[in-house]
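1. What would the 3D arrangement of this be:
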Amino acid sequence: MSSIRGGDFNQKIDYVFKVVLIGDSAVGKSQLLSRFARNQFSLDSKATIGVEFQTKTLEIDNKTVKAQIWDTAGQERYRAVTSAYYRGAVGAMLVYDMTKRQTFDNMARWLEELRRHADKNIVVMLIGNKCDLGNLRAVPREDAEEFAQRENLFFMETSALESTNVETAFLTILIEIYRIISKKTLSANGEPDANGSAGLLKGTRIIVPNQEPPIQKQGGCCGGSS
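-> Residues are numbered from 1 along each chain as shown. Predicted coordinates:
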């Protein structure tokens with residue numbers, strides 16, 4: 001089980017992981033980022049113009065990891081930034097508003113764009129945001145789970161307003177990235193490759209009390225049961 005510690009560290013940065021947030025406008029991408037990076041939520045948040053990013057430093061298994069989280073405007077007129085936005089990303093969060101069916105229906109298009117521009121091994125999580133508005137639900141959890149399993153994605157429902165599952169979602173994707181990058185580092189150093197070292201690096205697990213574990217993508221091994 002991995003040890004995880006948040007905060008600012010004076011020691012050298014071992015890894016920088018770029019994670020992008022994508023999805024329609026007004027689904028809560030900026031609020032998710034603000035909640036994770038600064039534990040803040042603003043009721044009068046304005047639409048993102050262009051691209052913004054924030055960082056948060058974590059310690060995973062005694063390695064210092066800087067998460068660089070990029071947030072982009074969901075409006076079509078800002079789509080020209082696409083290729084630069086995805087360049088170098090090792091993780092992505094596909095965010096929809098669970099009270100607005102159209103934002104979920106558009107996930108297939110966002111995923112197609114992501115796969116066209118990003119690295120094929122990018123770690124992707126589907127996020128159904130605004131789960132605090134359960135009485136307004138327009139996207140059944142089963143629909144999202146089916147989509148996530150079909151596309152081999154992690155899945156979690158969150159509430160940036162109530163801070164439900166936000167940290168868990170980000171940590172899950174960052175831990176999975178760390179697990180994959182660690183294997184690649186071992187392989188590059190002449191140690192056992194991903195197959196030979198599976199027993200060594202497998203089984204990363206995050207336990208957060210009173211929060212639902214994410215639905216696992218096929219072959220995933222973090223966030224829920226290993």
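
2. This protein: strands as residue ranges?
-> 4-6, 15-22, 51-60, 63-72, 91-97, 123-129, 154-157 (DSSP state E).

3. mean confidence score for the fifth one?
-> Translated: strand 91-97. Model confidence over strand 91-97, given as mean pLDDT, is 95.

4. Tell me the strands beside it, with direction?
-> Sheet neighbours of strand 91-97, with direction, are listed as strand 15-22 (parallel), strand 123-129 (parallel) (DSSP bridges).

5. cool, and the third one?
-> With DSSP bridges as the criterion, the sheet partners recorded for strand 51-60 are strand 4-6 (antiparallel), strand 63-72 (antiparallel).

6. Tell me which of those sits most buried.
-> strand 63-72 (a mean of 20; mean count of other Cβ atoms under 10 Å). Any C-beta I mention is one placed from the backbone N, CA and C, and that applies to glycine too.

7. Output the longest helix belonging to the protein.
-> Counting by DSSP state H, the longest helix found in the chain is helix 166-188.

8. Minimum distance to Thr172: which of the strands paired with strand 51-60 has it?
-> With Cβ to Cβ as the criterion, Thr172 lies closest to strand 4-6 of the strands paired with strand 51-60, at 10.8 Å.

9. Only the buried residues of stretch 174-185, if you could.
-> Within stretch 174-185, the residues that qualify as buried are 174-183, counting by 16 or more other Cβ atoms under 10 Å.

10. Tell me, how many residues neighbour the residue nearest to Glu167 when sequence neighbours are not counted?
-> Using Cβ to Cβ, 6 or more residues apart in numbering and skipping the chain neighbours, the partner closest in space to Glu167 is Phe36 (6.2 Å). For Phe36, the neighbour count with other Cβ atoms under 10 Å is 23.

11. I'd like the buried residues of stretch 174-185 laid out as TSV, including distance to Asn135 and pLDDT.
-> Listed next are the buried residues of stretch 174-185 as TSV, based on distance: Cβ to Cβ, whole Å; pLDDT from 0 to 100:
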residue	distance to Asn135	pLDDT
Leu174	32	94
Ile175	33	94
Glu176	33	94
Ile177	35	94
Tyr178	37	93
Arg179	38	91
Ile180	39	91
Ile181	41	87
Ser182	43	83
Lys183	44	81
